[in-house]
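Colleague: give the three-dimensional model of this entry:
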Amino acid sequence: MPKCILFIIWGIFSSKSAVDPRCKLRLDQGPCRVYTIRWYYDKQANACAQFWYGGCQGNANRFESEHECRQACVFFSGGRN
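Modeller: Sure thing, here's the model as predicted:
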């Protein structure tokens with residue numbers, strides 16, 4: 001029984017440490033003005049949202065689709081969505 005409990009605890013902590021580092025970054029639209037719609041992860045809302053990406057620079061918290069953003073960043077009580 002103790003091995004089973006240790007395995008469960010290990011699973012809980014290892015899944016939280018596997019958060020994609022892009023999900024920790026703040027929104028950065030970049031300085032350029034060749035606007036396209038992209039998706040970013042909002043940590044406070046634990047949700048993905050659209051934004052206007054300027055086309056250059058910015059940071060890695062930028063996804064082509066809502067699905068890609070959700071797969072990388074959105075978590076529910078049962079684990080990653």
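Colleague: and the strands in this protein, which stretches?
Modeller: For the chain, applying DSSP state E gives strands covering 36-42, 47-53, 75-76, 79-80.
Colleague: which of these sits closest to Gln29?
Modeller: Closest approach to Gln29 among these is made by strand 47-53 (5.9 Å; CB to CB). C-beta coordinates here come from the backbone N, C-alpha and C atoms, glycine included.
Colleague: can you list the strands that that closest one pairs with?
Modeller: strand 36-42 (antiparallel) (DSSP bridges).
Colleague: hmm, who's touching the partner strand?
Modeller: Applying CB atoms under 8 Å, 6 or more residues apart in numbering, the contact partners of strand 36-42 are 22-23, 27, 47-53, 55, 61-66, 68-69, 72-74.
Colleague: where in this protein is pLDDT low?
Modeller: For the chain, residues meeting the criterion pLDDT under 70 lie at 1-17, 77-81.
Colleague: what residue is smack in the middle of it?
Modeller: Cys73 (2.6 Å; CA atoms, centre = their mean).
Colleague: surely that one touches Pro21?
Modeller: No - using CB atoms under 8 Å, Cys73 makes no contact with Pro21, being 10.3 Å away.
Colleague: out of the strands of the chain, which one sits most buried?
Modeller: strand 36-42 (a mean of 18; mean count of other CB atoms under 10 Å).
Colleague: that one: how far from the chain's middle?
Modeller: 11 Å (CA atoms, centre = their mean, to the nearest Å).
Colleague: distance of the nearest residue to Ala49 once chain neighbours are set aside from Lys24?
Modeller: Spatial nearest neighbour of Ala49, excluding adjacent residues (CB to CB, 6 or more residues apart in numbering): Asp42 at 5.4 Å. Distance, Asp42 to Lys24, using CB to CB, to the nearest Å: 12 Å.
Colleague: now do Phe75
Modeller: Using CB to CB, Phe75 is found at 13 Å from Lys24.
Colleague: quick one: the helices in the protein?
Modeller: Per DSSP state H, the chain carries helices over the ranges 2-17, 66-73.
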